[in-house]
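Asker: Provided below for reference: sequence and predicted model.
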Amino acid sequence: MKIAVVGTGYVGLVTGTCFAETGNTVTCVDIDEKKVAKLRNGEVPIYEPGLETLFERNVKQGRLHFTTNLKEGIEGAKVIFLALPTPPGEDGSADLKYVLKVADDLGELLEEYAVVVDKSTVPVGTAEKVRAKIAVKAKVDFDVVSNPEFLREGVAVEDFMKPDRVVIGTQSEKAQEIMEKLYAPLVRQGNPIIFMDEASAELTKYAANSFLATKITFMNEIANLCEKLGADVDMVRKGIGTDTRIGKRFLFAGIGYGGSCFPKDVQALAKSSSEAKYDFKILNAVMDINQSQKTRLIEKAKQHFNGDLKGKTFAMWGLSFKPYTDDIREAPALYNIDALLAEGAKIKAYDPEGMKNVREIVGDKIEFCVDEYHAAEQADAIFIMTEWPIFRTPDFAKLSSIVNGKVIFDGRNLYDPVAMAELEYSYYSIGRKDING
Ligand code: NAD
């Protein structure tokens, strides 16, 4: 099948590459000329494990193309995916300007029947808006389908190639048949393609992300309570996670969720609710709690250093919002950088993939280091922001010999507090006993 993907970011590039891998001919369209030039030059502009191999193979075999020209990109395409940004607008609602602009262009450019697929995360009613926008200028028949994407950055290729489920909102039998055929190679193990109406498909994505954000936030609340009551959140996690009704995943306490999806999706769902005159109380609490959770370690650091962080040097291990990605959107690290700089501290940071993106935002306000030890040299304390595996088992003897102070503020609960006490570290984590050595 010939397909087009409009918007070649994290979702668009993975979608395009994976559909090329299943034998389709794909053209990815993006307005970012630099990005398209890079892609045409054989460079993958984002870090996503496994993507490069598939990208190279499919480009080489002539199934994957890139262009900045929408007309050229959609020529002959039976399915046109919209994988465009839907960032929060000023009032927190999803800003649909990118999606509706392309819909407007498509109306003029469509020359034969196509299924236009909303893959962006969009509020209920968007498929209808996209349909209306295209219809203004369209000369041919078309369908608009809602097909929210559930891939996780860091394991995006695996998630795309083996989805737990595919959700498709459409009332058109023709579109349903085409989508079923396109997705068939990805659901061979029997995972379902769930067809539903468009509104339910649109809401499913927000419900999934908001539920997961709530689960994380609930555990962060339990963690904060553990600290007050002298319990250990890791024990509580194991205790409840073994209950199959609860499940083991998304139960890790830490310094809050970040990334390009959870914060904006929770916010957008809260906004949709208030527009529908429904007071979704949990969501408002989730947003408040997550905001304060991001800088929990700053409170602990202030306590440790008697309220004065001025002139202190801190190593920051991890910048990306989670491991295995270079995405730093809404990363807790950014909030901690701001807070520490505001206190007059100096920061030496290291992240395996996220440094380039952070440098674009903070410039030379912090020092970027070649590895975690370089960052820790002469540091008064280490802040752990992201649970990259490289930070899990440092050489503590080496570390102890290069730091200025044996103090760790761990936002991801990577180490055992008892072992840290034995190593004579002051060790602060989330929801567990703080060790003030
Ligand atoms: P992104 O910012 O990485 O990519 C979007 C791309 O669209 C950019 O390359 C941008 O240049 C391009 N673009 C903007 N306007 C354009 C236009 N008029 N024509 C062509 N290209 C244009 O965004 P993303 O992370 O891939 O997210 C896209 C959508 O998917 C969002 O709605 C997001 O909420 C949703 N989503 C994201 C993830 C994720 O993990 N990143 C997962 C599921 C769903």
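Answerer: Received the coordinates, thanks.
Asker: Name the SS class of the residue nearest the centre of the chain, please.
Answerer: For the chain, the residue nearest the mean C-alpha position is residue 259 (4.0 Å; C-alpha atoms, centre = their mean). Under the three-state scheme (DSSP: H, G, I helix; E, B strand; the rest coil), residue 259 adopts coil.
Asker: Quick one: residues contacting the closest residue in space to it that isn't next to it in sequence.
Answerer: Using C-beta to C-beta, 6 or more residues apart in numbering and skipping the chain neighbours, the partner closest in space to residue 259 is residue 321 (4.2 Å). In this view, the C-beta of every residue, glycine as well, is placed from N, C-alpha and C. Neighbour list for residue 321: 258-260, 327-333, 386 [criterion: C-beta atoms under 8 Å, 6 or more residues apart in numbering].
Asker: Of those residues, which one scores lowest on pLDDT?
Answerer: When the contacts of residue 321 are compared by pLDDT, residue 260 scores lowest at 89.
Asker: Might one say that it is in contact with residue 328?
Answerer: No: counting by C-beta atoms under 8 Å, residue 260 stays clear of residue 328, with 9.3 Å between them.
Asker: Assumed residue 349 was part of a helix.
Answerer: No: using three-state DSSP, the assignment for residue 349 is strand, not a helix.
Asker: what sits against it?
Answerer: By C-beta under 8 Å, 6+ apart, the contact set of residue 349 is 315-317, 319, 333, 337, 355, 358, 366-369, 375.
Asker: on that earlier part again, would you quantify the distance from the residue nearest to residue 259 to residue 255?
Answerer: For residue 321, the distance to residue 255 equals 11 Å [C-beta to C-beta, to the nearest Å].
Asker: Now list whatever residues contact both of these two.
Answerer: residue 332.
Asker: Enumerate every residue touching residue 412.
Answerer: Contact analysis of residue 412 by C-beta under 8 Å, 6+ apart lists 252, 254-255, 318, 384-387, 430.
Asker: Packing partners of the helix or strand hosting residue 115?
Answerer: Using DSSP states H and E, residue 115 falls within strand 114-118. Counting contacts by 3 or more C-beta pairs under 8 Å, 6 or more residues apart in numbering; DSSP states H and E, strand 114-118 is packed against strand 79-82, helix 97-109, helix 126-137, strand 142-146, helix 173-183.
Asker: Mind doing that once more with 6 Å?
Answerer: With contacts taken as 3 or more C-beta pairs under 6 Å, 6 or more residues apart in numbering; DSSP states H and E, strand 114-118 sits against strand 79-82, strand 142-146.
Asker: Nearest spatial neighbour of residue 9, chain-adjacent residues omitted?
Answerer: Leaving out its chain neighbours, the residue that sits closest to residue 9 by C-beta to C-beta, 6+ apart is residue 83, at 6.6 Å.
Asker: OK, contacts around the one you found?
Answerer: 5, 7, 11-12, 15, 119 (C-beta atoms under 6 Å, 6 or more residues apart in numbering).
Asker: what do you get if the cut-off is 7 Å, keeping everything else the same?
Answerer: 5-7, 9, 11-12, 15, 119-120 (C-beta atoms under 7 Å, 6 or more residues apart in numbering).
Asker: Contact residues of the chain facing the ligand?
Answerer: Proximity of the chain to the ligand (C-beta under 6 Å from any ligand atom) is limited to residues 6-12, 29-32, 35, 83-86, 98, 101-102, 120-121, 149, 151, 153, 260-261.
Asker: Rebuild the helices and strands packed on strand 114-118 as CSV, extending it with mean pLDDT, mean neighbour count and distance to residue 268.
Answerer: Shown next, in CSV, are the helices and strands packed on strand 114-118 (pLDDT from 0 to 100; neighbours: other C-beta atoms under 10 Å; distance: least, C-beta to C-beta, whole Å):
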stretch, mean pLDDT, mean neighbour count, distance to residue 268
strand 79-82, 98, 26, 17
strand 142-146, 98, 25, 15
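Asker: Residue 401 is nearest to which of those strands?
Answerer: Shortest distance between residue 401 and the helices and strands packed on strand 114-118, using C-beta to C-beta, is found for strand 79-82: 53.0 Å.
Asker: So the residue nearest to the centre of the chain sits against residue 332, correct?
Answerer: No: if you go by C-beta atoms under 7 Å, residue 259 and residue 332 don't touch, sitting 9.8 Å apart.
Asker: Quick check: chain neighbours aside, which residue is closest to residue 52?
Answerer: Looking at residue 52 with C-beta to C-beta, 6+ apart, the closest residue is residue 44, at 5.0 Å.
Asker: what helix or strand is residue 387 on?
Answerer: Counting by DSSP H and E, residue 387 is found in no helix or strand.
Asker: quick one, longest helix in this protein?
Answerer: helix 198-229 (DSSP state H).
Asker: on contacts alone, who are the packing partners of it?
Answerer: The contact analysis (3 or more C-beta pairs under 7 Å, 6 or more residues apart in numbering; DSSP states H and E) places helix 198-229 against helix 126-137, strand 142-146, strand 166-169, helix 233-241, helix 262-275, helix 281-293.
Asker: For the ligand, what's its nearest residue on the stretch 301-437 of the chain.
Answerer: residue 327 (7.0 Å; C-beta to the nearest ligand atom).
Asker: cool, and the chain?
Answerer: Going by C-beta to the nearest ligand atom, the ligand is nearest to residue 9 of the chain, at 1.7 Å.
Asker: Spit out the contact partners of the nearest residue to residue 71 once chain neighbours are set aside.
Answerer: Distance criterion C-beta to C-beta, 6+ apart; nearest residue to residue 71, sequence neighbours excluded, is residue 109 at 5.1 Å. Applying C-beta under 7 Å, 6+ apart to residue 109 gives the contacts 70-71, 74.
Asker: Shouldn't residue 277 be within a helix?
Answerer: No: secondary structure assignment (three-state DSSP) places residue 277 in coil, not in a helix.
Asker: neighbours of it, just the number please.
Answerer: Residue 277 has 6 neighbouring residues, counting by other C-beta atoms under 10 Å.
Asker: How about residue 57?
Answerer: 14.
Asker: And the residue nearest to it when sequence neighbours are not counted, how far from residue 63?
Answerer: Distances taken as C-beta to C-beta, 6+ apart put residue 21 closest to residue 57, at 7.4 Å, once the chain neighbours are dropped. Distance, residue 21 to residue 63, using C-beta to C-beta: 8 Å.
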